[in-house]
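Undergrad: Compute the structure for the input listed below.
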Amino acid sequence: MAKRGTRGGKKVRQRKIAGSVKKQGADPANLSMGNGFGNGWSAATPSERRGFVWWPNLDTSKELPPHTRLEILRKARWADAEVGLVRRAVSGLAGLVGYQKPQAETGDVEWDQLAEDAVLRRWDNPMTFDQAGKMDAWSWQVALTRCRFRDGDNLTAFGTDQSGGSTMQFYESHQIDSGDQTTKNLYDGVYLGRGGKHTAYNIIGTNFDGEKTNKRLASRDVIYHADFERPGRVREVSKLAHAISNVVDILEILADTKHGIKIAAQLGVVMTTQSGAGNSQMSETLASFLSKQGVGTNSDGDDVEINLDEIMRGGRSQSLPAGADMKTLQDSRPHPNQLDLLRWLVRDIAWGAGVAPEILWEQAGLGSAATRYLMAETRRWIENQQRIQRHACQRMWTYTLAQEIKAGRVPEPTTDRWWRCKWIPQADMTIDRGRDGALEIKQIEKGLLTYQESYAKRGKDWQEEMRQLAKEKALMDELGLSEQDLKI
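TA: Okay, the predicted model is just below:
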């Protein structure tokens, strides 16, 4: 972070730097010439024209202290709850990533079908999938992505129910904490092994008596969800860390602007004279006019008081003193410069989240070529996020299937690689379905695209679709129908 101090403060820092450079044998005069501490790198040179850059720790494992991570987490959750743009950046992007379904691929078609049926029976039902009974496997995947974007990381623990089937227990980022544990290799809720490997996690909570609890979960029994930007970090920070300050600035600018508009709206008219704006006496006169004034007579000829509401409905007007004029205030807020600043802040938030600003904010003004490029770039981003998601899904598939085999609901596999499967994401979004469909047909005809790849783009299992197609053709043959007969 760049900090600006007083001129005296900068001079003190310069003297300290000059003294340090003298010890190293460099000429302090070079510091003011943009020579980067005497070696030519201006990026390392202090300057009166720039703020001081503060980044105190180069040890990656210690650059994100627990209290810093938790404070960012707290603010990110507040922003997600209060700001629509942030909700779009969290829930909207998680929805773009979506969920993926498994397709067993051991080579034994019959066993693959039995395995898929057994696993999906549990995954489709929240009561058999989730220990808390809240999510099925598909909403679980979206929730993992959402919490990873907002909080930085989360945890899923493996468990079993009375039938021996698998269950999943979800833990959010704030529950992974050192608590009152003081073990040497425990840092920010993570037990560290050689090379910084995660060996276990400490989960904090409270029991029914309100007492604090600590539970240790071995890494082999959990799935830790995080997208590490820095390999040396112990925990990952919220993807909104770069955006928090900008979000607060946006809200403050909008709040001040809205407050100004409201105040201006309450001052509907102003009375002026030839010598300038009305003085305090004139303001009082206007105020009294806007309350009640004897400005008319009733049907009996008696004077009556008419308030502002009656004036507005009746279209009556106040007689003004000589030389006075009444004007309506015109408020030009928000100023175009303010709107440009807000757009810039939004763009900074979006690029930091990894997507183009048009994905989060608005697509107005984009041409067809720009839109196609934007869709292709977003597709690349989604694929990278789905790759991260697949690591968690594969472990969950392997554990669930192993428990079904152990319980005898799935026969013993016929191959050593019984855990193999492919993951089918949800259907791609496109603005040119007809154009893309025609291109796919040509690619299939030329052998450049397989049926498996084509169906996967639509979020479908190609084997199931082929079986269904075979059934339909068999039924048509049985009924003596041709494709021409089905055309309307």
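Undergrad: how far does stretch 327-336 stretch from start to finish?
TA: One end of stretch 327-336 sits 24 Å from the other (C-alpha to C-alpha, to the nearest Å).
Undergrad: Revised request: answer the last question for stretch 403-422.
TA: End-to-end distance for stretch 403-422: 20 Å, by C-alpha to C-alpha.
Undergrad: Just the buried residues of it, please?
TA: Buried positions in stretch 403-422, judged by neighbour count with 16 or more other C-beta atoms under 10 Å: 403-405, 409-410, 413, 418-421. Backbone N, C-alpha and C define where each C-beta goes, glycine included.
Undergrad: Out of those, which comes closest to Asp256?
TA: Closest approach between the buried residues of stretch 403-422 and Asp256, by C-beta to C-beta: Cys421, at 54.6 Å.
Undergrad: Got the phi and psi for the closest one?
TA: phi -160, psi 160 (degrees, to the nearest 10).
Undergrad: Run through the bridge partners of it.
TA: Ala104 (DSSP bridges).
Undergrad: Now do the contacts for it.
TA: Counting by C-beta atoms under 8 Å, 6 or more residues apart in numbering, Cys421 makes contact with 102-105, 394, 397.
Undergrad: Try it again at 10 Å.
TA: Going by C-beta atoms under 10 Å, 6 or more residues apart in numbering, Cys421 touches 101-106, 112, 115-116, 119, 393-394, 397-398, 401.
Undergrad: Any chance of a ChimeraX selection covering the buried ones in the residues you listed?
TA: Buried members of the contacts of Cys421, defined by 16+ other C-beta under 10 Å, are picked up in ChimeraX with:
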select :101,102,103,104,106,112,115,116,119,393,394,397,401
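Undergrad: So which of the contacts of Cys421 is the closest to Gly210?
TA: Cys393 (36.6 Å).
Undergrad: Remind me which helix or strand the closest one belongs to.
TA: Here Cys393 sits within helix 368-406, counting by DSSP states H and E.
Undergrad: Mind listing residues that contact stretch 396-404?
TA: 102, 104, 114-123, 129, 137, 140-141, 156, 158-161, 163-168, 221, 223, 390, 409-410, 413, 418-421, 423.
Undergrad: Could you find the closest non-adjacent residue to Ile359?
TA: Leaving aside its sequence neighbours, Ile359 sits nearest to Thr378 (C-beta to C-beta, 6 or more residues apart in numbering; 5.9 Å).
Undergrad: any idea how far the one you found lies from Gly92?
TA: To Gly92, Thr378 is 12 Å away according to C-beta to C-beta, to the nearest Å.
Undergrad: Now the common contact residues for these two.
TA: Residues touching both Thr378 and Gly92 by C-beta under 10 Å, 6+ apart: 355, 359.
Undergrad: Which of the helices or strands spans Ser245?
TA: Going by DSSP H and E, Ser245 is in helix 244-266.
Undergrad: Could you export that helix as CSV, CA atoms only?
TA: Provided in CSV are the C-alpha atoms of helix 244-266 (Å, rounded to 0.1, in the frame of the first residue of the first chain):
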residue,chain,number,x,y,z
ILE,A,244,-13.0,-4.3,-0.8
SER,A,245,-11.7,-0.7,-0.7
ASN,A,246,-13.2,0.1,-4.1
VAL,A,247,-16.6,-1.3,-3.0
VAL,A,248,-16.5,0.9,0.2
ASP,A,249,-15.6,3.9,-2.0
ILE,A,250,-18.5,3.2,-4.4
LEU,A,251,-21.0,2.9,-1.6
GLU,A,252,-19.8,6.2,0.0
ILE,A,253,-19.9,8.0,-3.3
LEU,A,254,-23.4,6.8,-4.0
ALA,A,255,-24.6,7.5,-0.5
ASP,A,256,-23.3,11.1,-0.6
THR,A,257,-24.7,11.6,-4.1
LYS,A,258,-28.1,10.2,-3.2
HIS,A,259,-28.1,12.3,0.0
GLY,A,260,-27.4,15.5,-2.0
ILE,A,261,-30.2,14.7,-4.5
LYS,A,262,-32.7,14.2,-1.6
ILE,A,263,-31.7,17.5,0.0
ALA,A,264,-32.1,19.3,-3.3
ALA,A,265,-35.4,17.7,-3.8
GLN,A,266,-36.7,19.1,-0.5
